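> Sequence first, then the predicted structure, then my questions.
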Amino acid sequence: MSQKTTKIIYWTTTGLLALFILPGIFFLTSPFAIEGTKHLGIPYWFHMELGIGKFIGGLILILPFFSKRIKEWAYVALGIDALSATIGHLSVDGFVLMSFEPLLIFAILLISYITYHKLYDHK
């Protein structure tokens, strides 16, 4: 795969992540979001912590001035969040399509992570 193709895949997947993650900060207090986390048994304080943390992680991924080490931690944290969301949905809702939606975010995150390393590991 060429550097140009890798860069396109990296920025496409990272941009998609930003579109999924960053706007969430504006909906933290929406009744729909609060009811969704309450449905999973997540307390309100943790709902707020997750929302703020995901926003910060999303910013770290798209802003170029953060170090590679900080970006690594953001990828890890967002990956744990996506996998935990999948487990939470499966535990509460069972094996329905909605339970696997966080895995889509995880897959996009994984592609972004792999292409990030292909672009920046050898520099």
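Nice, I can see it. Numbers count the residues shown, from 1 in each chain.
> which parts of the host helix or strand of I60 are buried?
Secondary structure assigned from DSSP states H and E places I60 in helix 44-62. For helix 44-62, the neighbour count (16 or more other CB atoms under 10 Å) marks 47, 50-51, 54-55, 57-58, 60-62 as buried. In this view, the C-beta of every residue, glycine as well, is placed from N, C-alpha and C.
> tilt between whichever helix or strand comes after that helix and helix 44-62?
Heading C-terminal from helix 44-62, the first helix or strand you meet, by DSSP H and E, is helix 68-93. Orientation of helix 68-93 against helix 44-62 (axes from the mean of the first three to the mean of the last three CA atoms, to 10 degrees) gives an angle of 140 degrees.
> pLDDT on whichever helix or strand comes after helix 68-93, on average?
Using DSSP H and E, the helix or strand that follows helix 68-93 in sequence is helix 101-120. The pLDDT scores in helix 101-120 average 94.
> Would you mark the buried spots in helix 101-120?
Using 16+ other CB under 10 Å as the test for burial, helix 101-120 gives 102, 105-106, 108-109, 111-113, 115-118.
> Specify which member of those residues is nearest to I9.
Distances from I9 to those, taken as CB to CB, are shortest for T115 (4.9 Å).
> count of neighbours near the residue lying closest to that closest one once chain neighbours are set aside?
Nearest residue to T115 in three dimensions, chain neighbours excluded: Y10, at 3.8 Å (CB to CB, 6 or more residues apart in numbering). By other CB atoms under 10 Å, 20 other residues sit near Y10.
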